[in-house]
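>>> sharing a sequence plus its predicted fold:
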Amino acid sequence: DKLGNIHPMVKQCVLERINCIVAAWGWGTTFGHSFCIGGASFYLVQKVDPKIVRLAGRWQSLAYEMYIRTFEQIASQHLSVLS
């Protein structure tokens, strides 16, 4: 804060700040779910056990696997353009 005290940021404050920045760049807005998928993707690429990723991300189902597969498809399309 303005007095130099440190306060933990709550999800809503973080998202508001991020959305303010990305909107200023004309990129639209994001939701917290995007970060959950990104985190799961990151740890799975690091070879963390999928059960640990699911528990750490508080995923109630295996739905995250659908997002990961979609991410892999999109990423491979974009990376093929670079090679």
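It's in. Residues are numbered from 1 along each chain as shown.
>>> got the CA positions of stretch 45-52 in CSV?
What follows is stretch 45-52, C-alpha atoms only, in CSV (Å, rounded to 0.1, in the frame of the first residue of the first chain):
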residue,chain,number,x,y,z
VAL,A,45,5.6,-30.3,-19.2
GLN,A,46,7.9,-30.4,-16.2
LYS,A,47,7.0,-34.1,-15.8
VAL,A,48,5.1,-33.6,-12.5
ASP,A,49,2.8,-36.5,-11.9
PRO,A,50,-0.7,-35.7,-13.3
LYS,A,51,-2.3,-36.8,-10.0
ILE,A,52,-0.2,-34.2,-8.1
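>>> now do that stretch, average pLDDT.
On average, the pLDDT along stretch 45-52 is 87.
>>> residues in contact with it?
Stretch 45-52 is touched from outside by 43-44, 65, with contacts defined as C-beta atoms under 8 Å, 6 or more residues apart in numbering. Yep, even glycine has a C-beta here, placed from its N, CA and C like the rest.
>>> just those residues now: which is nearest L82?
L44 (21.7 Å; C-beta to C-beta).
>>> what residues are up against Y67?
Each residue near Y67 by C-beta under 8 Å, 6+ apart is listed here: 37, 40-41.
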